[in-house]
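>>> build me a model:
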Amino acid sequence: MLQVGRDYLMVAIPKRGYVFTNWQPVNEFHYTITTIDDNGATNPPITSTVISLVPPSSTRPVLRFTMQPEIVIVDIPGTLKITESSGRQANFVPAEGAHSTETSRGTKILNDAHNGPEPDNPRQPKNPPHSFSGVRAG
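Numbers count the residues shown, from 1 in each chain. From the prediction side, this is the model:
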């Protein structure tokens, strides 16, 4: 697990046939709600995640960052908790001459992983063709 306040270095390395385009800042909101059934028993919490993309920033594949803490927006114990975290997403596209028409969005890996197709983009592969060299303390 990454430690809040430490500096890290992350490198995006595309798989064959793809090129890295940019790092895109991402804000991620987690809504956790707990409900009580008709018998008064507490149901397991339900968590929803909403990802909000920000315009791309860096076009260099090497990203240096300082790990930031999760921000608690609302916390009503036993009922509702809303938190916000931020990170970066690596974006990749097919290289010129590649025999693919699929576009790929990378994975934001600072606080959580998001590795699925966008609901509004059915052409996006379920497991995007990308890789990272890892995260290293700097």
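>>> tell me the mean pLDDT over stretch 86-103?
Stretch 86-103 shows a mean pLDDT of 72.
>>> check stretch 37-52 too.
Regarding stretch 37-52, the rounded mean pLDDT is 92.
>>> how long is that stretch from one end to the other?
32 Å (C-alpha to C-alpha, to the nearest Å).
>>> and stretch 33-46, by the same measure?
Length of stretch 33-46, first residue to last, C-alpha to C-alpha: 5 Å.
>>> quick one: contacts of that stretch?
For stretch 33-46, contacts defined as C-beta atoms under 8 Å, 6 or more residues apart in numbering pick out 32, 78-80. All C-beta spots, glycine's among them, are computed from the backbone N, C-alpha and C.
>>> please redo it, this time with the cut-off set to 10 Å
Stretch 33-46 has contacts (C-beta atoms under 10 Å, 6 or more residues apart in numbering) with 31-32, 47-48, 76-82.
>>> quick one, strands of this structure?
Counting by DSSP state E, the chain has strands at residues 7-14, 18-33, 46-53, 62-66, 71-76, 80-94, 104-105, 130-137.
>>> point out the most buried one among these.
Highest mean neighbour count of the strands of the chain: strand 104-105, a mean of 23 (counted as mean count of other C-beta atoms under 10 Å).
>>> and residue 72, how far is that from residue 11?
To residue 11, residue 72 is 31 Å away according to C-beta to C-beta, to the nearest Å.
>>> bridging residues for residue 49?
Beta bridges link residue 49 to residue 30, judged by DSSP bridges.
>>> can you put the strands of the chain in CSV and add distance to residue 1?
Below are those laid out as CSV (distance: least, C-beta to C-beta, whole Å):
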stretch, distance to residue 1
strand 7-14, 12
strand 18-33, 16
strand 46-53, 18
strand 62-66, 15
strand 71-76, 18
strand 80-94, 13
strand 104-105, 24
strand 130-137, 10
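>>> which residue sits closest to residue 50, ignoring its sequence neighbours?
Nearest residue to residue 50 in three dimensions, chain neighbours excluded: residue 29, at 4.6 Å (C-beta to C-beta, 6 or more residues apart in numbering).
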